[in-house]
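Enquirer: next comes the sequence, and after it the predicted model I'd like to discuss.
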Amino acid sequence: MFFRRIDSCEGFHRYWKLSKWPRRIRAVMEKRLVPKKFPAAVRGVCHVCGGRRAFTVSGKDGDTSVHWRETLLCPECHLPNRLRAVVHFLDGKMRPKDAALYLTEQKTHLYKVLKKRFPQAEGSEYLGGECPLGSRNAEGIRNESLTELTFADESFDCILCLEVLEHIPNYEAAIRECARVLRPGGMLLFTVPFMLGTQDTLIRATADEGGNITHIQPAEYHGDPLKEEGCLCFYHFGWDMLDKIRQLGLAQCGGYIYWSRKFCYLGEPQALFMAKKAA
């Protein structure tokens, strides 16, 4: 398993330059794995399930490459490449089963997986005005807004926020809330659309206090289990995001580049990010 911590744009460019030959070898391996027909399977080990699996690869017949990050679906835990890697990383950081986790999702396979691993895990979705914040709807789904969480201060050892922050116009407020509800030494584990070779965040759209949206770039929508039309993406982040997170109360913040043929964490470069609250 390959994890490489990187803390800055300059650090990423150093890594990219020094890793030229290992990256070429990995690219050749991935190219050989691209199937001629879809759907297909690539065999590997699922860290989540604990055994060898035939991971489903999605695509279109005739494709000469695969968007590995969102495919390689395990037939048992139903997690794709990037989410299996998140669980793998988390297991290496938080082994006690009594740890208190909060996931900014609840109607997903990832929530089900982590609820079994960490019985105290709490999850939620943003349900808008369907029910009051902090309460649950008829399905038992908790309603929370990441910019105004209803949890008490220092409630959690870890928060997982995956592909969410880019959909929040005022993501800084969400980071402040995460810092507030994390316990001393607690960590925020997150993924976002991230431009690893770029310092400055690309602002795709803005929203005023009345919710009126101004598009700076062509509108980009990402999939959402609760919205058929998807969610608008406001940002493609750069390394300046980590500088802001450090200023907002999570001083230890860095990115982790990862890859593994054994566990089928393919596609390069892939990254996840971790920020810690001071102990």
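Expert: Good, I have the coordinates. What you are looking at is a predicted structure, and each value in this text was computed from that prediction instead of being measured.

Enquirer: got a pLDDT number for Gly223?
Expert: For Gly223, the model assigns a pLDDT of 78.

Enquirer: so what's the residue count around the closest residue in space to Asn143 that isn't next to it in sequence?
Expert: Leaving out its chain neighbours, the residue that sits closest to Asn143 by CB to CB, 6 or more residues apart in numbering is Leu127, at 4.0 Å. To be clear about C-beta, it is placed using only N, CA and C from the backbone, and glycine gets the same treatment. Residues near Leu127, counting by other CB atoms under 10 Å, number 19.

Enquirer: and Glu130, by the same measure?
Expert: Glu130 sits with 13 neighbouring residues when counted by other CB under 10 Å.

Enquirer: surely it touches Asn137?
Expert: Yes. Between Glu130 and Asn137 there is a contact at 5.7 Å, judged by CB atoms under 8 Å.

Enquirer: returning to what we had before: the residue nearest to Asn143 touches Gly140, doesn't it?
Expert: No. Between Leu127 and Gly140 there is no contact under CB under 8 Å: 11.7 Å.

Enquirer: return every residue with contacts to both of Glu130 and Asn137.
Expert: Among the neighbours of Glu130, those also in contact with Asn137 (CB atoms under 8 Å, 6 or more residues apart in numbering) are Asn143.

Enquirer: where along this protein do the helices fall?
Expert: 9-18, 20-33, 81-93, 109-117, 171-181, 240-247 (DSSP state H).

Enquirer: now do the first one against helix 20-33, angle only.
Expert: If I follow you right, that is helix 9-18. With axes from the mean of the first three to the mean of the last three CA atoms, to 10 degrees as the basis, helix 9-18 and helix 20-33 are set at 70 degrees to each other.

Enquirer: what of the fourth one?
Expert: Our comparison of helix 109-117 with helix 20-33, counting by the same axes, to 10 degrees, yields an angle of 110 degrees.

Enquirer: show residues contacting helix 109-117.
Expert: 48, 77-79, 83, 86-87, 90-91, 97, 101, 103, 105, 121, 123, 160, 162.

Enquirer: can you dump the C-alpha atoms of the longest strand anywhere in the chain in PDB for me?
Expert: Longest strand in the chain by number of residues (criterion: DSSP state E): strand 265-276. What follows is strand 265-276, C-alpha atoms only, in PDB (Å, rounded to 0.1, in the frame of the first residue of the first chain):
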ATOM      1  CA  TYR A 265      -6.700   1.700  -5.700                       C
ATOM      2  CA  LEU A 266      -5.900   2.700  -9.300                       C
ATOM      3  CA  GLY A 267      -5.800   6.000 -11.100                       C
ATOM      4  CA  GLU A 268      -3.200   8.600 -10.500                       C
ATOM      5  CA  PRO A 269      -2.900  10.900  -8.800                       C
ATOM      6  CA  GLN A 270      -5.600  10.200  -6.300                       C
ATOM      7  CA  ALA A 271      -5.600  12.100  -3.000                       C
ATOM      8  CA  LEU A 272      -7.500  12.400   0.300                       C
ATOM      9  CA  PHE A 273      -7.000  15.000   3.000                       C
ATOM     10  CA  MET A 274      -6.700  15.000   6.700                       C
ATOM     11  CA  ALA A 275      -6.800  17.900   9.200                       C
ATOM     12  CA  LYS A 276      -6.400  17.600  12.900                       C
END
